[in-house]
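**Student:** Generate coordinates for the sequence data below:
(chains A and B)
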2 protein chains.
Amino acid sequence: MPLVNPQPLTFPLSEAARHIQRSVMRDLIALGARPEVISFAGGLPAADCLPLDEIQTCLDAVLAAEGRRALQYGPPYPPLREWIAGYMRRRGVACAVENVFITNGAQQALEILGRLLLDPGEPAVVEALTFTGIGQVMHAHGARLRAAALDLETGVDPAGFERALLEDGRPARVAAVIPDFNNPTGASLTPAKRPALAAAAARAGVPLIEDDPYSLLRYAGETLPPIKAYDDAGLVLYIGSFSKVIAPALRLGWIVAPADLLPRLTVLRESLDLESSQLLQRVATEFAQRGFLESHVQTLNAANLARRDAMQAALSRELGATASWTVPDGGLFLWVTLPAHLDTAALFPAALENGVAYIPGVHFSADGRHANALRLNYSNNTPERIAEGIRRLASVIKERA
Amino acid sequence: MPLVNPQPLTFPLSEAARHIQRSVMRDLIALGARPEVISFAGGLPAADCLPLDEIQTCLDAVLAAEGRRALQYGPPYPPLREWIAGYMRRRGVACAVENVFITNGAQQALEILGRLLLDPGEPAVVEALTFTGIGQVMHAHGARLRAAALDLETGVDPAGFERALLEDGRPARVAAVIPDFNNPTGASLTPAKRPALAAAAARAGVPLIEDDPYSLLRYAGETLPPIKAYDDAGLVLYIGSFSKVIAPALRLGWIVAPADLLPRLTVLRESLDLESSQLLQRVATEFAQRGFLESHVQTLNAANLARRDAMQAALSRELGATASWTVPDGGLFLWVTLPAHLDTAALFPAALENGVAYIPGVHFSADGRHANALRLNYSNNTPERIAEGIRRLASVIKERA
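**Tutor:** Below you'll find the model as predicted:
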């Protein structure tokens, strides 16, 4: 009996599946996972900070109090929706439990909204540099992407954003923006840009996905309201997530949307995977209700700030004369721009050979630019490893600069 | 500040989302959840049998042994894939770890395979009576459904199945069959039909999804190999699930597919929701490796058999002269056929009024027949409540028969 089925594929695949390439990001992250490599490639929260004891406490409490109910099928857990609604109100958003839809993390929220809003060939607006998961969903639903110009320090430009929404006299079907600590740039929208983007979406009549996995991860500067707080027109579809602030293994996020949409979101999600784990929904609720979220975010942010500072210091020391980079006030990433003649995708094999990994800028670019840039994750290495990793990276760059 | 966003929708929805109705099944199940109602509507495993102590043991063991790794992002958990490959080999399937793809339950497996294989307007074959989740996925990907005739006791007919695969000289893009304890009929494919269906798929060159959430739930008759065991052509895509044999809250299932397909499945799944919970993957592995699965399945099957017997006895007592029904050897459901002039959807309000709920047959029908039939779940009520529920149901039926 052969162990691996040896047959070649003999049946047709869908249009979408035929065009699938391997996931380059996943491959790069996997290469970075080799023990001899210091990887700045992933988007992982700090592994050594994950709240193990608190999660054990919450699991025990949930199983003791809820028993078998926590293991069965069930509706979205009402206390979790209530906690999220309260959290959104504290952030300045008009939000009741009827506006909160639970998902398997932010990625599933993106997929459900893509399915809700997009048809093949229709235009969608993304930031000129954006999270690859946003692009994947837009492509999976056949969208034609329009890139909205952004400033590396202050995020997308409202006037350019509005032009992209209305390009060729044909309104986009959806737009997506990461307001705080953008993946990949680390930039946050200035206070003035937030109401301006909500107003631009309202004038164009285009729904705006606000993808916000990072805003709690702020260690400097003032906390800002989300774009959703300025959403007088009911067009902003806000996405939150527990992956980066509690643990990815909870697989929990949420959408805040007009209550009218919730029955449709429920049906769309049912055919995707029915529901989120009743057990993990209760664990997240317990974690939030006990105040573990606040204390854990403080721990994370102290660690992240030290790691950002270590990375900034190492970059100044090693590449101060050669490169420029963003200085985020939170989140997981910063963005490095090298001299224009350098191609970070071409440099990658030499960097890996020298024991360091990153993601080349071109993978985040909606318009094919930024080949001379790269994304660095600083949250998932100690300051010592960060210093050593930047030294390895700089030696590869300086040979060619 | 208004609590519920009052704005009507002002933006266009996708073609698919515009046609969404409320989920009738979900509404019926919700109605059945009222405390005064005895519900045979759901598809839930026995709530009182869920393995609470074993799951607590596994959670503690996983967190003690694996710590923060169980809370982070990560690749599909290798020991889980290995356990599943061994289980499939014990069932007679040529299967290595390279053939095993982890999903969030069987529903996500269906969605990923729908996305892999279907394009709008293309034909897909389903059993004339089939699980609603299969129909939802086929519709979500724009398929035109062809119904393959089935026998209520022995499942789909291979000759009729092959005709449906090749109807109008245009091969279907995919077919889907539930081999054991079909939802909704409770029927299992006879031993002879299994290789016959594999051979029909091979002659037509059509991939066959074998959706198998129930085969371990056998309390009578002999265990049979899955269709996949006869898959010489590499066309059978097998789906398994832990939801009905461990706990729905694990949200874990799997696909067994040709190894060539795995990179494509990985990319398709990445844009849906990245990955399954690292914690829950480890808990399921621990549960299986400790032998809890075998012992728990025995407990479940003893309870299910007593409940099926209670339902059969009550049906004989109350409706022996009026109705006929299937006698499954396992699973969660049986199928009742009433006199042809009765419409079980029209009867539903009176049944609910009388304190009993079920799912009308028409909701499972791919060809609009079976309006006089209904699906009963027997696994999630005690024998006493089953007897009382059937008494309530019979009194509504007998008034009109």
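**Student:** Now do the end-to-end distance for stretch A:121-132.
**Tutor:** By C-alpha to C-alpha, to the nearest Å, the extent of stretch A:121-132 from end to end equals 19 Å.
**Student:** Show me which positions of it end up buried.
**Tutor:** A:122, A:123, A:124, A:125, A:126, A:127, A:128, A:129, A:130, A:131, A:132 (16 or more other C-beta atoms under 10 Å in any protein chain shown). Using the backbone N, CA and C atoms, a C-beta is placed for each residue, glycine as well.
**Student:** from those residues, which are also near chain B?
**Tutor:** Contacts with chain B are made by none of the buried residues of stretch A:121-132, judged by C-beta under 8 Å from any C-beta of the partner chain.
**Student:** for the residues you listed, which one is nearest residue A:312?
**Tutor:** Nearest to residue A:312 out of these is residue A:129 (C-beta to C-beta; 19.9 Å).
**Student:** which two in the buried residues of stretch A:121-132 are spaced the farthest apart?
**Tutor:** Within the buried residues of stretch A:121-132, A:122 and A:129 form the most distant pair, 22.2 Å apart (C-beta to C-beta).
**Student:** ok, and the closest non-adjacent residue to residue A:154?
**Tutor:** residue A:190 (4.9 Å; C-beta to C-beta, 6 or more residues apart in numbering or on different chains).
**Student:** what do you get for residue A:150?
**Tutor:** residue A:156 (4.4 Å).
**Student:** List the residues that contact the one you found.
**Tutor:** Neighbour list for residue A:156: A:127, A:128, A:148, A:149, A:150, A:177, A:189, A:193, A:197 [criterion: C-beta atoms under 8 Å, 6 or more residues apart in numbering or on different chains].
**Student:** Go again with 7 Å.
**Tutor:** A:127, A:148, A:150, A:177 (C-beta atoms under 7 Å, 6 or more residues apart in numbering or on different chains).
**Student:** what's the answer for residue A:192, then?
**Tutor:** Applying C-beta under 7 Å, 6+ apart, no residues contact residue A:192.
**Student:** Next, it: phi, psi?
**Tutor:** When read as degrees, to the nearest 10, the backbone of residue A:192 gives phi -70, psi -30.
**Student:** how close does it get to residue A:331?
**Tutor:** 20 Å (C-beta to C-beta, to the nearest Å).
**Student:** With residue A:136 instead?
**Tutor:** Distance from residue A:136 to residue A:331, by C-beta to C-beta: 20 Å.
**Student:** and residue A:245, what pLDDT?
**Tutor:** If you check residue A:245, the pLDDT there is 97.
**Student:** What residues does it make contact with?
**Tutor:** Going by C-beta under 7 Å, 6+ apart, the list of residues near residue A:245 reads A:216, A:217, A:293, A:297.
**Student:** Wait, the third one touches residue A:287, no?
**Tutor:** Yes - with contacts defined as C-beta atoms under 7 Å, residue A:293 counts as touching residue A:287 at a distance of 6.1 Å.
**Student:** Which stretches in the stretch 51-200 of chain A count as helices?
**Tutor:** With DSSP state H, counting those that start in this stretch applied, the stretch 51-200 of chain A shows helices at A:52-66, A:78-90, A:105-117, A:132-140, A:158-166, A:193-204, listed in chain order.
**Student:** Please list all residues in contact with the residue in the stretch 301-401 of chain A that chain B sits nearest to.
**Tutor:** Residue of the stretch 301-401 of chain A nearest chain B, by C-beta to the nearest C-beta: residue A:380 (9.2 Å). When contacts are counted by C-beta under 7 Å, 6+ apart, residue A:380 touches A:42, A:44, A:46, A:47.
**Student:** sec struct for it, please.
**Tutor:** coil (DSSP: H, G, I helix; E, B strand; the rest coil).
**Student:** Kindly report the same for the one 10 residues further on.
**Tutor:** Assigned state for residue A:390: helix (three-state reduction, three-state DSSP).
**Student:** Enumerate every residue touching it.
**Tutor:** A:311, A:314, A:315, A:318.
**Student:** try 10 Å this time
**Tutor:** With contacts defined as C-beta atoms under 10 Å, 6 or more residues apart in numbering or on different chains, residue A:390 is in contact with A:38, A:40, A:310-319, A:336, A:356, A:376, A:378.
**Student:** again with residue A:254
**Tutor:** A:76, A:80-81, A:84-85, A:87-88, A:99-103, A:105-106, A:109, A:238-242, A:276.
**Student:** for the strand or helix carrying it, what is the average pLDDT?
**Tutor:** In this structure, residue A:254 sits in strand A:253-256 according to DSSP states H and E. Here strand A:253-256 scores 98 as its mean pLDDT.
**Student:** Pull the CA coordinates from that strand and hand them back as PDB.
**Tutor:** Extracted as PDB, the C-alpha positions of strand A:253-256 are listed here (Å, rounded to 0.1, in the frame of the first residue of the first chain):
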ATOM      1  CA  GLY A 253     -12.200  38.300  16.400                       C
ATOM      2  CA  TRP A 254     -15.200  40.400  15.700                       C
ATOM      3  CA  ILE A 255     -17.000  42.700  13.300                       C
ATOM      4  CA  VAL A 256     -19.000  45.800  14.400                       C
END
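**Student:** Adjacent strands (with direction) for it?
**Tutor:** Here strand A:253-256 is paired, per DSSP bridges, with strand A:100-103 (antiparallel), strand A:236-241 (antiparallel).
**Student:** For the last one, give the mean pLDDT please.
**Tutor:** Pointing back at strand A:236-241 there. Here the average pLDDT along strand A:236-241 is 98.
**Student:** which parts of it are buried?
**Tutor:** Neighbour-count burial for strand A:236-241 [16+ other C-beta under 10 Å]: A:236, A:237, A:238, A:239, A:240, A:241.
**Student:** Show me where the stretch 201-350 of chain A has its strands.
**Tutor:** Per DSSP state E, counting those that start in this stretch, the stretch 201-350 of chain A carries strands over the ranges A:208-211, A:236-241, A:253-256, A:324-325, A:333-337.
**Student:** Give me the nearest residue to residue A:116, chain neighbours excluded.
**Tutor:** Per C-beta to C-beta, 6+ apart, closest to residue A:116 is residue B:17, 4.8 Å.
**Student:** If you tally nearby residues, what's the number for residue A:120?
**Tutor:** 13 (other C-beta atoms under 10 Å in any protein chain shown).
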